[in-house]
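In: Here is a sequence with its predicted model. Questions after.
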Amino acid sequence: MAALDPNYDKAKGDEEHILALPDNRQIAYAHNGPTTSRTVVLFFSGIMSVGIAGNVPTPCRECGMHWIAPTLPGMGNSSTRSDRKAPYLVPFLRDMVALLSHLYPTGAYDTLYVSGGSYGTVQAQMLYGAPYDLFPPGRKIAGCVLLAGFSPLKHHPGYAKTLNWGNWFSFGPPTQLLPWHILQWTFRLAVGSKLGTVKGAKAFLRQTVVDGMDEEENLTFARWLDTNSLTEDAWLDQMARGTVTSCRNWDGFMEVADVIHSDWGFDPKHLDEQHASKPVLVVDSANDHIGGGTNDWLVENYRSARFKSVPGGHISTLFYMDDIWKEIIVSC
């Protein structure tokens, strides 16, 4: 992190803010960078996490971008959707319009990038392809970055063949065939108690994320920690605290598979020229055994998509964010 840049503050970037909504709900979010910037990034993290904005990629800082990281509905301190039977898309778009209107009351920004990691790629794509009458800021989208992306399964025939066994049970066909969210409840009961404390969440994250790294990725991870003035324990502690906060509300987790299978409001193949001409960068981690199984489909079906692969496992894109954002930024 460029400590001398007065526009970016790591500690303030990790602070949580709350926006009250008209329907007695709220959005939790973090943000970093100049609030007068005319270039904005909306970044969505994955499940069992909350929005943080401490480490803004170097190219985004060099361009003076305002980085905004909302916490997804039903996770942490972002309220559950008020009508769980209604489609996810419409209230989500409404929430994002409200957040941008709060931070930019006069709409004084020219360029918007949307991005997400893992499950957060679903929401990033919803914004990218959203009809402009439902998401007017979409007209300002300049690009989309998808890290370990999910495809809209409604339009992805044969998607189940791309999944490993873990993903098959996490969001594959069984999640739509078995009643009462049985698989989700099974996972919640199995690990929920571990994720109620920072100590338990750290042990879970170490086992699922860090212990699976090979020697090369461990070295890359160590360099990234050093660059960002972090120790492994401090990083795990921060991630664990986000997981504990996220899992105070399990509603968002319970609907993940349903949201991935839902109608996102568009078919990537049939987007109009105004939408489809905007670049999409699909980033794959070469040894990702948790997500990213549908990246090839995304590249094939978004007209302006291009592909980038980085070494390492599910979270390794974190270590290459500077290179990734260099590729998507058109100008600044």
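Out: Ah, there it is.
In: so where's the stretch 51-200 of the chain uncertain?
Out: Low-confidence segments of the stretch 51-200 of the chain, defined by pLDDT under 70, are absent.
In: which residues touch the nearest residue to Leu72 once chain neighbours are set aside?
Out: Using C-beta to C-beta, 6 or more residues apart in numbering and skipping the chain neighbours, the partner closest in space to Leu72 is Gly252 (5.5 Å). C-betas here are computed from N, CA, C, even on glycine. By C-beta atoms under 8 Å, 6 or more residues apart in numbering, the contact list for Gly252 reads 47, 72-75, 78, 80, 246.
In: which stretches of the stretch 51-200 of the chain form helices?
Out: For the stretch 51-200 of the chain, helices defined by DSSP state H, counting those that start in this stretch occupy the ranges 58-62, 89-103, 120-129, 165-171, 173-177, 182-191, 198-205.
In: Would you mind finding the most buried of those?
Out: Comparing the helices of the stretch 51-200 of the chain by mean neighbour count (mean count of other C-beta atoms under 10 Å), helix 120-129 comes out on top with a mean of 26.
In: and it, how far from the chain's centre?
Out: Remark: helix 120-129 is offset 9 Å from the chain centroid, using C-alpha atoms, centre = their mean, to the nearest Å.
In: Please save the CA atoms from it in CSV.
Out: Coordinates of each C-alpha in helix 120-129 appear next as CSV, following Å, rounded to 0.1, in the frame of the first residue of the first chain:
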residue,chain,number,x,y,z
GLY,A,120,-19.2,-11.8,-5.8
THR,A,121,-18.8,-12.3,-9.5
VAL,A,122,-22.5,-13.0,-9.7
GLN,A,123,-23.5,-9.6,-8.4
ALA,A,124,-20.8,-7.9,-10.6
GLN,A,125,-22.3,-9.5,-13.7
MET,A,126,-25.8,-8.5,-12.6
LEU,A,127,-24.7,-4.9,-12.7
TYR,A,128,-22.8,-5.3,-16.0
GLY,A,129,-25.8,-6.7,-17.8
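In: And the contacts of that helix?
Out: 42-46, 72, 89, 92-93, 96, 114-116, 135, 137-138, 141, 144-150, 152, 259-260, 264-266, 268, 271, 275, 278, 280.
In: distance of the residue nearest to Leu72 from Trp264?
Out: Separation of Gly252 from Trp264 (C-beta to C-beta, to the nearest Å) stands at 17 Å.
In: try Asn55
Out: Asn55 sits at a distance of 29 Å from Trp264 (criterion: C-beta to C-beta).
In: that older thread, let me have the helices of the stretch 51-200 of the chain in TSV, extended by distance to Lys326.
Out: Written out in TSV, the entries for these read as follows (distance: least, C-beta to C-beta, whole Å):
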stretch	distance to Lys326
helix 58-62	5
helix 89-103	25
helix 120-129	19
helix 165-171	30
helix 173-177	37
helix 182-191	37
helix 198-205	28
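In: out of the ones you listed, which comes closest to Arg306?
Out: With respect to Arg306, and counting by C-beta to C-beta, the nearest of these is helix 120-129 at 14.4 Å.
In: That closest one to helix 89-103, inter-axis angle?
Out: Interaxial angle of helix 120-129 relative to helix 89-103 (axes from the mean of the first three to the mean of the last three C-alpha atoms, to 10 degrees): 80 degrees.
In: From here on, call the first residue 27.
Out: From this message on, residue numbering opens at 27, which makes the last subject helix 146-155.
In: picking up where we left off before, may I ask which helix or strand encompasses the residue nearest to Leu98?
Out: Using DSSP states H and E, Gly278 sits in helix 277-280.
In: got the contact list for the spatially closest residue to Leu47 that is not a sequence neighbour?
Out: By the measure of C-beta to C-beta, 6+ apart, the closest residue to Leu47 outside its immediate chain neighbours is Ala124, 6.0 Å from it. When contacts are counted by C-beta under 8 Å, 6+ apart, Ala124 is found next to 45, 47, 53.
In: Specify which member of the residues you listed is nearest to Thr62.
Out: Each of the contacts of Ala124 was scored against Thr62 by C-beta to C-beta, and Leu45 proved nearest at 18.7 Å.
In: Let's verify the closest one: helix, strand, or coil?
Out: Secondary structure, DSSP: H, G, I helix; E, B strand; the rest coil: Leu45 is strand.
In: Flag every buried residue along the helix holding Gly278.
Out: Within helix 277-280, the residues scored as buried using 16 or more other C-beta atoms under 10 Å are 278-280.
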